[in-house]
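In: I'd like to go over a predicted model; first the sequence, then the structure.
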Amino acid sequence: MNIPFRPLALTLLAVAAAAALLGRAQAGDDEYFPPVTDKLTLQECGSCHLAFPPSLLPAASWKRMMGDLQHHFGDDASVDAATAAAITRYLVAHAGDAPGQGNRMLRGLKPGEAPLRITELPKWVREHREVPKADWTRKDVGSKANCAACHVDAAKGYFEDD
């Protein structure tokens with residue numbers, strides 16, 4: 001009598017296991033942000049630092065940042081106008097406030113705000129408030145912008161606690 005239920009139980013178990021393995025990439029996961037897939041953006045931005053997922057900032061922030069690359073956090077990150085325009089288009093199209101992107105990192109921002117630092121977003125500050133200040137200056141971390149120091153899969157878009 002239990003035989004007809006065995007295949008169903010095994011199927012449910014398999015589905016549950018698959019959901020657990022794949023669950024971290026589900027839409028709406030607060031720790032997953034689709035990584036940069038544009039080759040030009042990866043090449044130019046990723047040559048100096050993690051090519052940050054564009055959904056971490058609103059479009060206005062990306063426009064502001066790309067409009068002043070000669071003063072990019074103390075460095076001159078200038079590129080030719082065509083390259084800058086192409087990267088800007090990609091970042092804006094995938095920004096946190098772009099249609100279909102969801103804006104969970106942007107919660108708490110006032111309308112029209114265009115922060116340049118992801119580390120200044122209210123959600124980022126809340127998520128990292130328990131990290132001791134000394135950790136940010138450790139040699140293997142260096143700064144708050146070095147996500148990959150603590151989030152080993154940051155380049156893949158995963159920012160869960162490791």
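Out: That came through fine. Numbering: from 1, shown residues only.

In: What strand or helix carries the nearest residue to Val36 once chain neighbours are set aside?
Out: If you skip the residues right next to it in sequence, Val36 has Ala51 as its closest partner in space, 4.1 Å away by Cβ to Cβ, 6 or more residues apart in numbering. Where you see a C-beta, it was placed from the backbone N, CA and C, and this is true even at glycine. Taking DSSP states H and E as the criterion, Ala51 maps to no regular element, lying outside all helices and strands.

In: if I look at Ala51, how far off is Gly142?
Out: Taking Cβ to Cβ, to the nearest Å as the measure, Ala51 falls 17 Å from Gly142.

In: Tell me, how many residues neighbour the residue nearest to Val36?
Out: 20 (other Cβ atoms under 10 Å).

In: Am I right that it is in contact with Thr37?
Out: No - using Cβ atoms under 8 Å, Ala51 makes no contact with Thr37, being 9.6 Å away.

In: for Tyr32, phi and psi?
Out: phi -120, psi 130 (degrees, to the nearest 10).

In: Dihedrals phi and psi, the closest residue to Asn103 other than its chain neighbours?
Out: Take Asn103 and drop its neighbours on the chain: the residue closest to it by Cβ to Cβ, 6+ apart is Gly96, 4.6 Å away. Reported as degrees, to the nearest 10, the phi and psi values for Gly96 are phi -60, psi -20.
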